[in-house]
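**Student:** What follows is a predicted protein model with its sequence.
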Amino acid sequence: MDDRKTAADRRRALGARGEDATARRYEADGYEVLDRNWRCRDGELDLVVSRDRVLVFCEVKTRSSDRFGAPVEAVTRDKRRRIRRLAARWLDEHQLVVRELRFDVASVLATGGQLEIDVIEAAF
């Protein structure tokens, strides 16, 4: 039981590290982080960022290896559908004026203590 808890804690910490690094990357590119880990009863949005009235919902997938495929491959059709529904709920709640909506996926690979971040803009 303790081993499973430890593994789950490690996965959560790895995911948080990937989200932190991705948020910093967006900020370095001039985006403002509007929300992180926004939750409602239907799920969670990892990052919501904006720049120049472009609103981006970013799903961050972090893995410690690509043994089971690239992290981005974990964003399935069902996951994309869920993110779109969550984005609509976020928009209803926040009532922002936007010119463009975009859905990005950040594929983060953590190897040897380093993070390799590949942001796929307009991924879906």
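**Tutor:** Cool, the structure landed.
**Student:** Which pLDDT does the model give the residue lying closest to Ile117 once chain neighbours are set aside?
**Tutor:** Nearest residue to Ile117 in three dimensions, chain neighbours excluded: Val108, at 5.2 Å (Cβ to Cβ, 6 or more residues apart in numbering). C-beta here means a position set from N, CA and C on the backbone, and glycine is covered the same way. Note on Val108: pLDDT of 96.
**Student:** Then the one 4 residues further on?
**Tutor:** Per-residue confidence (pLDDT) for Gly112: 83.
**Student:** And for it, the neighbour number?
**Tutor:** The tally of other residues near Gly112 (other Cβ atoms under 10 Å) stands at 5.
**Student:** returning to what we had before: got the contact list for the residue nearest to Ile117?
**Tutor:** When contacts are counted by Cβ atoms under 8 Å, 6 or more residues apart in numbering, Val108 touches 18, 21-22, 60-63, 71, 115-118.
**Student:** Tell me the one of those nearest Asp52?
**Tutor:** Thr22 (19.2 Å; Cβ to Cβ).
**Student:** That closest one in helix, strand or coil?
**Tutor:** Here Thr22 is recorded as helix under DSSP: H, G, I helix; E, B strand; the rest coil.
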